[in-house]
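J.: would you be able to build a 3D model of this:
(2 chains)
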2 protein chains.
Amino acid sequence: MSANQSVGFVKPELIEFSAPLLLECGKTLPAYSLMVETYGNLNADKSNAVLVCHALNASHHVAGLYEGQEKSEGWWDNMVGPGKPLDTDRFFVLGVNNLGSCFGSTGPSSINPDTGKPFGADFPFVTVQDWVNAQVRLADHFGIHKFAAVMGGSLGGMQALQWSLSYPERVGHCMVIASTPKLSAQNIAFNEVARQAIVTDPDFHGGNYYEHGVVPKRGLRLARMIGHITYLSGDDMAEKFGRTLRTGDYNYGLDVDFQVESYLRYQGDKFADYFDANTYLLITKALDYFDPARHTGGDLTKALRAATAKFLLVSFTTDWRFAPDRTREIVEALMANQRDVTYAEIDAPHGHDAFLLTDARYHNVVRGYFERIAKELA
Amino acid sequence: MSANQSVGFVKPELIEFSAPLLLECGKTLPAYSLMVETYGNLNADKSNAVLVCHALNASHHVAGLYEGQEKSEGWWDNMVGPGKPLDTDRFFVLGVNNLGSCFGSTGPSSINPDTGKPFGADFPFVTVQDWVNAQVRLADHFGIHKFAAVMGGSLGGMQALQWSLSYPERVGHCMVIASTPKLSAQNIAFNEVARQAIVTDPDFHGGNYYEHGVVPKRGLRLARMIGHITYLSGDDMAEKFGRTLRTGDYNYGLDVDFQVESYLRYQGDKFADYFDANTYLLITKALDYFDPARHTGGDLTKALRAATAKFLLVSFTTDWRFAPDRTREIVEALMANQRDVTYAEIDAPHGHDAFLLTDARYHNVVRGYFERIAKELA
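T.: Numbering: from 1, shown residues only, chains lettered A, B, ... in the order given. Next comes the predicted model:
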């Protein structure tokens, strides 16, 4: 196949797991389903599989298109495909929607078999560790003993890191992009405002809004607006919007004056139309809770000792959500453990969002790293 | 009097202005009142007056205490008093609650004489320029032709700067602290999310909530939580809260896990109990609209040419809301106009809030500058 093509039309698949899953919170899910997509072909010895973990609002739909749906490209379509940095001519790529999400995997909007109604507030608060434990069974389902790589950006990077700690023998390479070993107080604060926006929306009904036939759209909209500010860098916002006025003059009222207002309202509205509020709460809590050094008295070096994978870490200079300093903490802890670590700090203007965007330097680093993995496999 | 004492018990005073005030939006306020406080004594030639302009949620109550009310210190009590950096043994200090605010001056919650009901959504969106125009009449009321200094932090600094531009002959010194010549796209974005939180609160009723006997507390609470994140530096939050848990363990639910969540909820609740939602909207719009270079094609040097005052500008290293770079833009534009400029960049950990806090280096700069003014007056 020629370079830089799409994987083409894809179809998701729902995989059911009937064994109970004990969660970190102490509760047990008696059964669950995960929605997945795969691209490329699994080789005979099942050694060329790459697991791609998603961040807050993404899904199993990593690459390709849905037939008959325009603009349905996967969320990492610039990264995954024939001839792309993660080359589906060489690797078998597995995308999975996490437990608790709202794109087909079991989550708060799924029917609780005990009640015949949506779980709603009864769905347990799952963690990064729980996601990884659920994903392990997915690997077993595909007969994959060891992933060539587990990779992800942001919250996806946390899952990759957790894989390397919980299942070191099942991860060849761990690729942690635009991530952090734990959220800062400021990170948690932004998440908390978003959550408060949702839970104080009168349409939230304590999480059981499904049975009221409403959705806490106001809260979701605000949550997304807050999130968007933290995904972009200040300079990027200045470059994109500056103080440009929508009508050329101040309106001296509550209508949109500045383009940036219009952008945020649009992003908020769009998100509130498709995302589930309980999932938003659950996923932001999973972010807040992630802290592998929590059980080693804050000692990250000790916490990362379990990892045996080789690592690629990437950060972006203008990412103020998970700044390069945070990734460097991981790099230093891994190096203190004499692990094989490659670290790239990409000078990119687009803030946290940079991990999703097309940037030659960034993509060349990932491409080069996958070429190394391919050579090791050959 | 000995050093560093309080101005003691103070009483606010309401001053009425019966002449119509034409506003930037094109509307006219037929009459208005301003709530003020004064400290110290106006000298015989009325040359020792200092106007203190307030920021978003503050008021005329700059210093001192209200008799019978514990913890009623003015918002800049560490700065203003006998022996303090702005020494009330030497200067006559005037604090004023801005037009449109909610602490006694005419604003959205005042009765509209045309309808006999609160203005609500009918109160005009006043600007920094309008505030200054209203304050000029206050100066006239006290017979003050020229202020020894006009000073303020954040939005207060914008008013001080506007004074120097609109009434250059009436300002001896202009003291602009932790401010900016205009809001960035990111600044506007945060304001917009706060506004959307308020206007989408079902209790907002299009701004006419007074007549419904409700207050959009949910929205105000969120607005304040968002604001608070931007007032503190990331390092300051890490230092104050880190990832400290309130109960020592995760609750795997929506209760407070981290101290920072508890802090934000508390700040939000407190604010929603006393602040007016329409005022919040109006003041954030005044912030967004401030842009003296708007009428000079973005040329700040040209815009500041009108100023003849001497300037003190102060910024704080960890202020990411109005970072030092923003103050330097003002410094450079003033210097390009050969103005008398003193600039101090204070290495302080407390973010934007630093302008309100006691910091020896910061206070010594302001103290020294006022000593210079006192010498000029002597």
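J.: drop to CA atoms for contacts and neighbour counts, all remaining ones
T.: Will do.
J.: in contact with the residue nearest to the spatial centre of chain A, which residues?
T.: Central residue of chain A (C-alpha atoms, centre = their mean): A:A55, 1.2 Å from the mean position. A:A55 makes contacts with A:152-156, as judged by C-alpha atoms under 8 Å, 6 or more residues apart in numbering or on different chains.
J.: what about the residues you listed, which are in strands?
T.: Secondary structure defined by DSSP state E assigns A:152-153 of the contacts of A:A55 to strands.
J.: now the contacts of A:A55 as a markdown table including pLDDT?
T.: As requested, the contacts of A:A55 are arranged in a markdown table below (pLDDT from 0 to 100):
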| residue | pLDDT |
| --- | --- |
| A:G152 | 98 |
| A:G153 | 98 |
| A:S154 | 98 |
| A:L155 | 98 |
| A:G156 | 98 |
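J.: kindly indicate the member of the contacts of A:A55 with the most neighbours.
T.: A:G153 (28 neighbours; other C-alpha atoms under 10 Å in any protein chain shown).
J.: contacts only, for it.
T.: If you count contacts by C-alpha under 8 Å, 6+ apart, then A:G153 has A:53-55, A:176-179, A:355 around it.
J.: state the helix or strand in which A:D288 lies.
T.: helix A:277-289 (DSSP states H and E).
J.: tell me what that helix is packed against?
T.: Contact partners of helix A:277-289 among helices and strands, from 3 or more C-alpha pairs under 8 Å, 6 or more residues apart in numbering or on different chains; DSSP states H and E: helix A:185-199.
J.: rerun at 6 Å
T.: In terms of contacts (3 or more C-alpha pairs under 6 Å, 6 or more residues apart in numbering or on different chains; DSSP states H and E), helix A:277-289 is not packed against any helix or strand.
J.: close to chain B: what parts of chain A are there?
T.: Residues of chain A lying close to chain B by C-alpha under 6 Å from any C-alpha of the partner chain are A:125, A:185-186, A:234, A:237-238, A:242, A:252.
J.: so which of those residues are in helices?
T.: Counting by DSSP state H, the part of the residues of chain A next to chain B found in helices is A:185-186, A:234, A:237-238.
J.: counting neighbours, what do you get for A:C25?
T.: Counted by other C-alpha under 10 Å, the residues lying close to A:C25 total 15.
J.: and for A:A223?
T.: If you count neighbours by other C-alpha under 10 Å, A:A223 ends up with 28.
J.: wait, what's in contact with the residue in the stretch 1-150 of chain A that chain B sits nearest to?
T.: Going by C-alpha to the nearest C-alpha, chain B is nearest to A:F125 of the stretch 1-150 of chain A, at 5.4 Å. The contact partners of A:F125, taken as C-alpha atoms under 6 Å, 6 or more residues apart in numbering or on different chains, are A:282, B:252.
J.: same check on A:N97?
T.: When contacts are counted by C-alpha under 6 Å, 6+ apart, A:N97 touches A:35, A:59-60, A:105.
J.: need the nearest residue in space to A:G242, chain neighbours excluded.
T.: Nearest residue to A:G242 in three dimensions, chain neighbours excluded: B:A185, at 5.2 Å (C-alpha to C-alpha, 6 or more residues apart in numbering or on different chains).
J.: quick one, helices of the stretch 1-150 of chain A?
T.: Per DSSP state H, counting those that start in this stretch, the stretch 1-150 of chain A carries helices over the ranges A:128-141.
J.: the helix or strand where A:G219 lies - contacts with which helices or strands?
T.: A:G219 is part of helix A:217-231, with elements assigned from DSSP H and E. Using 3+ C-alpha pairs under 6 Å, 6+ apart as the contact test, the elements touching helix A:217-231 are helix A:185-199, helix A:259-274.
J.: buried residues in the longest one?
T.: Within helix A:259-274, the residues that qualify as buried by neighbour count (16 or more other C-alpha atoms under 10 Å in any protein chain shown) are A:259-265, A:267-269, A:271-272.
J.: residues touching A:V80, list them.
T.: Contacts here follow C-alpha under 6 Å, 6+ apart; on that basis A:V80 touches A:L86.
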